[in-house]
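Asks: could you look at this predicted model? Sequence included:
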Amino acid sequence: MISSIVGAVIMSAATVAMLVALNISNNALKKVGKNPINEQEKEILLNAGFTTGDFDLVNQDIEILNFE
């Protein structure tokens, strides 16, 4: 009787741990690719013919992207 209660508690703890891990990974995946462009990327864009005024437009496009 006691062993079945202990087993149920262990299963519940494992389930909660898996749900927390899933939630953390989902939140991390939502933020993927949402960082503004860095200095190295700005240099690449300048070499590709973009102007410094285009950086804000690129950052706005990055924010619009949906990775779901």
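Replies: It's in.
Asks: low-confidence stretches in the chain?
Replies: For the chain, the stretches flagged by pLDDT under 70 are 33, 67-68.
Asks: show me how it divides into domains.
Replies: Here the domain parsing of the chain from automatic domain parsing is 1-30, 33-68.
Asks: pipe these into a markdown table and attach mean neighbour count per row.
Replies: No exception for glycine: its C-beta is placed from N, CA and C like everyone else's. Listed next are these as a markdown table, based on neighbours: other Cβ atoms under 10 Å:
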| stretch | mean neighbour count |
| --- | --- |
| domain 1-30 | 10 |
| domain 33-68 | 10 |
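Asks: how far off centre is the helix or strand where Ala13 lies?
Replies: Using DSSP states H and E, the element containing Ala13 is helix 2-30. Helix 2-30 has its C-alpha centroid displaced from the chain centroid by 21 Å (Cα atoms, centre = their mean, to the nearest Å).
Asks: and the contacts of the helix or strand following it?
Replies: Later in the chain than helix 2-30, the nearest helix or strand by DSSP H and E is helix 39-47. Here helix 39-47 makes contact (Cβ atoms under 8 Å, 6 or more residues apart in numbering) with Ile37, Thr52, Asp54, Phe55, Val58.
Asks: between the residues you listed, which is closest to Asn66?
Replies: Asn66 has its nearest neighbour among those in Val58, at 16.5 Å by Cβ to Cβ.
Asks: lovely, talk soon.
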